[in-house]
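Participant: Here's a sequence, model it:
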Amino acid sequence: MANLKTNEPKQRNSGLLLVAILFFVILCSPLFYFMYHLMIGNEAMFIYNPYK
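Facilitator: Below is the predicted model:
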């Protein structure tokens, strides 16, 4: 039977990329939300109505 254990140590920063990607997505989610609504036409940008 094969030995399933390895003697190699685990990488020190093995989960850092995942944490960085999740942090970036959470940090930029308001921008993504705004861009999505801008693309589908729900954002009214730069509309000036003096008779309001």
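Participant: so where does Leu17 fall, helix or strand?
Facilitator: According to DSSP states H and E, Leu17 maps onto helix 16-39.
Participant: Likewise for Ile47?
Facilitator: Per DSSP H and E, there is no helix or strand for Ile47.
Participant: neighbours around it, how many?
Facilitator: Counted with other Cβ atoms under 10 Å, residues neighbouring Ile47 total 7. (Each C-beta comes from the backbone N, C-alpha and C, glycine too.)
Participant: same thing with Phe34?
Facilitator: When neighbours are defined as other Cβ under 10 Å, Phe34 has 13 of them.
Participant: Likewise for Ala20?
Facilitator: For Ala20, the neighbour count with other Cβ under 10 Å is 10.
Participant: Same check on Leu31?
Facilitator: Number of residues near Leu31 (other Cβ under 10 Å) recorded here: 9.
Participant: start at 583 instead
Facilitator: Sounds good: first residue 583 from here, last item Leu613.
Participant: Relative to Leu620, how far out is it?
Facilitator: 10 Å (Cβ to Cβ, to the nearest Å).
Participant: Over to Leu609?
Facilitator: Using Cβ to Cβ, Leu609 is found at 19 Å from Leu620.
Participant: Those two: which is more packed in?
Facilitator: Leu620 (12 against 9).
Participant: Can you tell me the closest non-neighbouring residue to the more buried one?
Facilitator: Nearest non-adjacent residue to Leu620, counting by Cβ to Cβ, 6 or more residues apart in numbering: Met627, 7.2 Å away.
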